[in-house]
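K.L.:
Dropping a prediction and its sequence here:
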Amino acid sequence: MQSMEFPLVVFTVLSQAAIGLTMMRAVRTVSGTPDTDARKEWLMIAGLMALGLLGSLFHLGHPTGAPRALVHLGTAWLSREVLFAGLFMGVAAIAVLSAGVAAKSAPAWIGAALGLGLISSAGMTYAPPALPALNNALPAAFFLTSAVILGAGFGGWFASPERQPLMARIFTSALVVGLVLYLIAPCVWASGGTVMRMTGEAWFASGFYWAHIGILAACLAVIWKTKSIPVWLPFLALAGELIGRAGFFADTLHTAINMGGLY
């Protein structure tokens, strides 16, 4: 892609944080007494999603034309991404505005399902043939991992004491998965075609990449030492995902980079 695409960094990471929080709320409703502060949690979910959507408008040459992105639902994954984002935002807004709804499990499960639809659509949007390294399931895997890391991290703010260990376990597992994914992917690309190999080399040479890996490892070290999620740790994880997503956009090479070259 070779451009940091800051508006898309903001949109994808913040929307995935909102989705992750919703997923964790759904998980916590499976058994036991419902957590308190349901409205505050939904307010954070809606706020993150709204900020993400607002940020995405700066990617458009004509922001007022954004609704037209829905006209190709049958053929374009981007249109489906926009639809799922709008529906998710609607569920979050309803939960915030309706006192009785916010504490129930149905909005969380509906929101989680819509969120997974948004992650899947975004994964397909950023997996075109022109990006050989990402023309697979990796974008969706990266996005889902970010959602779980951030959802479990910030979800610790709202979980009851008896569910704090659950959030810590999910957070730890997601960090390990993220480290494995990001360390292995460029190695696999190194054995691929010319542009895929060049992408792997670009990632390994990128400050974004190593800063992201370092922050994931630091978060993992902190939670292994403390056996819990300190209040400040989700902010470090958020910074890591923003940096990593900037690298995702800036360091992934398009086939045009080798136009006229030998394959």
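P.N.:
Perfect, thanks for sending it.
K.L.:
where do the helices sit along the stretch 151-263 of the chain?
P.N.:
164-189, 194-204, 207-226, 233-251 (DSSP state H, counting those that start in this stretch).
K.L.:
Those helices: which one's closest to L116?
P.N.:
Distance to L116, taken as CB to CB, is lowest for helix 164-189 among the helices of the stretch 151-263 of the chain, at 15.1 Å. The way it works is simple: take the backbone N, C-alpha and C, and place the C-beta from them, glycine included.
K.L.:
Taking their axis directions, that closest one and helix 194-204 sit at what angle?
P.N.:
130 degrees (axes from the mean of the first three to the mean of the last three CA atoms, to 10 degrees).
K.L.:
For helix 164-189, name the packing helices and strands.
P.N.:
Contact here means 3 or more CB pairs under 8 Å, 6 or more residues apart in numbering; DSSP states H and E; on that basis helix 164-189 packs against helix 6-28, helix 138-155, helix 194-204, helix 207-226.
K.L.:
What are the buried residues along the helix or strand that comes right after the longest one?
P.N.:
Translated: helix 6-28. For helix 6-28, the following helix or strand on the C-terminal side (DSSP states H and E) is helix 38-57. By 16 or more other CB atoms under 10 Å, the buried positions in helix 38-57 come out as 38-39, 41-42, 44-46, 48-53, 55-56.
K.L.:
Show me the contact partners of helix 38-57.
P.N.:
By CB atoms under 8 Å, 6 or more residues apart in numbering, the residues outside helix 38-57 that reach it are 6-8, 10-15, 17-18, 21-22, 25, 35, 63, 66, 85, 88-89, 92-93, 95-96, 99, 102-103, 107, 111, 154, 157-158.
K.L.:
ditto for stretch 111-131
P.N.:
Under CB under 8 Å, 6+ apart, the answer for stretch 111-131 is 1, 12, 15-16, 18-20, 22-23, 25-26, 45, 77-78, 80-81, 84-85, 87-88, 91-92, 95, 134-141, 143-144, 147, 252-256.
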